[in-house]
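In: structure for this input, please:
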Amino acid sequence: LDRDEHEVVMELLAGVERVLGQRPRLVVPEGIQLVTQGEPVGAVYLVLDGQVSLHRDSSRGEVLAHLATSGPLIGLVSLARAEDAFFTGETETEATLVRLTTEQLQIVISEDPSIGSTLTALAIRSLTRRLMRAEDLHLQNAMLAEDLEAQKEALAATLEDLRATRAELVERARFAMLGELSAGIAHELNNPVTALVRAAKHLHEDVDAALAARPRRGRRWPAPSPRPRAPRRSSAPS
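Out: Modelled structure (predicted):
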């Protein structure tokens, strides 16, 4: 398990070729699906060179699960469990592969049991890498959930501030409208009041001019009414 992974891959390939003979190397271009999620797996792929990514379909589309953590064995888990492919394996770069069917693996392991140990060691390394990647993703998701909760609380506080600011702006706009309305009413009242003041001033001037032009008399105007005289008593003797 502590050996270089490429050495283990080449050792496995050498053991397979001792039993089955020279295996063809498949040079696969980028973007080719080796296994498809939900479909039967009839063979495994030993990756000699290049990168293969593993994807999972979800309700929100395809999600990348493994790239550098996919390992050199593609399809082994599903093949060992006799189930449909759990991932979709797709070449990310041009890759050099060796394809081994279920029957070929059974023949190799039955002929040389030591190859089974090499295959097991390689599978453990690949699955350990994927498990560590899954744990990292789980930790990242937990941290993201905490960050999202903190952002949610911050957004709620910001929303409350925005509501308070909006209410204040509405109140200010209301007072501004009242001020504009009052200014308009004052302007409309000032015009006729000014006209009345001017008319009263002109009338006052005209009255003063008329009074000044009237000739003055010796007696007061209007003349005081005479006092009534008392009746005279009769002087004839009784």
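
In: hey, let's count contacts and neighbours off CA atoms from now on
Out: Fine.

In: go through this structure and flag its longest helix.
Out: Across the chain, the helix with the greatest residue count (assigned by DSSP state H) is helix 113-213.

In: who does that helix touch, helix- and strand-wise?
Out: Helices and strands touching helix 113-213, as assessed by 3 or more Cα pairs under 8 Å, 6 or more residues apart in numbering; DSSP states H and E, comprise helix 5-20, strand 73-74, helix 102-111.

In: let's go with 10 Å and repeat that
Out: Based on contacts counted as 3 or more Cα pairs under 10 Å, 6 or more residues apart in numbering; DSSP states H and E, the elements that helix 113-213 packs against are helix 5-20, strand 61-66, strand 73-74, helix 76-80, helix 102-111.

In: show residues contacting the next helix or strand along the chain from the fourth one.
Out: Using DSSP states H and E, the helix or strand that directly follows helix 76-80 along the chain is strand 88-91. Counting contacts by Cα atoms under 10 Å, 6 or more residues apart in numbering, the residues outside strand 88-91 that touch it are 28-39, 45, 50-57, 62, 64-67, 70, 74-75.

In: hmm, 6 Å instead?
Out: The set of residues that contact strand 88-91 without belonging to it, under Cα atoms under 6 Å, 6 or more residues apart in numbering, is 30, 31, 32, 33, 34, 35, 36, 37, 52, 53, 54, 55.

In: phi and psi next, for the fourth one.
Out: Note on residue 33: backbone dihedrals following degrees, to the nearest 10 are phi -80, psi 120.

In: same thing with the second one?
Out: Note on residue 31: backbone dihedrals following degrees, to the nearest 10 are phi 90, psi 20.

In: what about the residue nearest to it when sequence neighbours are not counted, how many neighbours?
Out: For residue 31, ignoring the flanking residues on the chain, the nearest one in space by Cα to Cα, 6 or more residues apart in numbering is residue 91 at 5.2 Å. Neighbour count for residue 91, taken as other Cα atoms under 10 Å: 20.

In: good, we can wrap up now.
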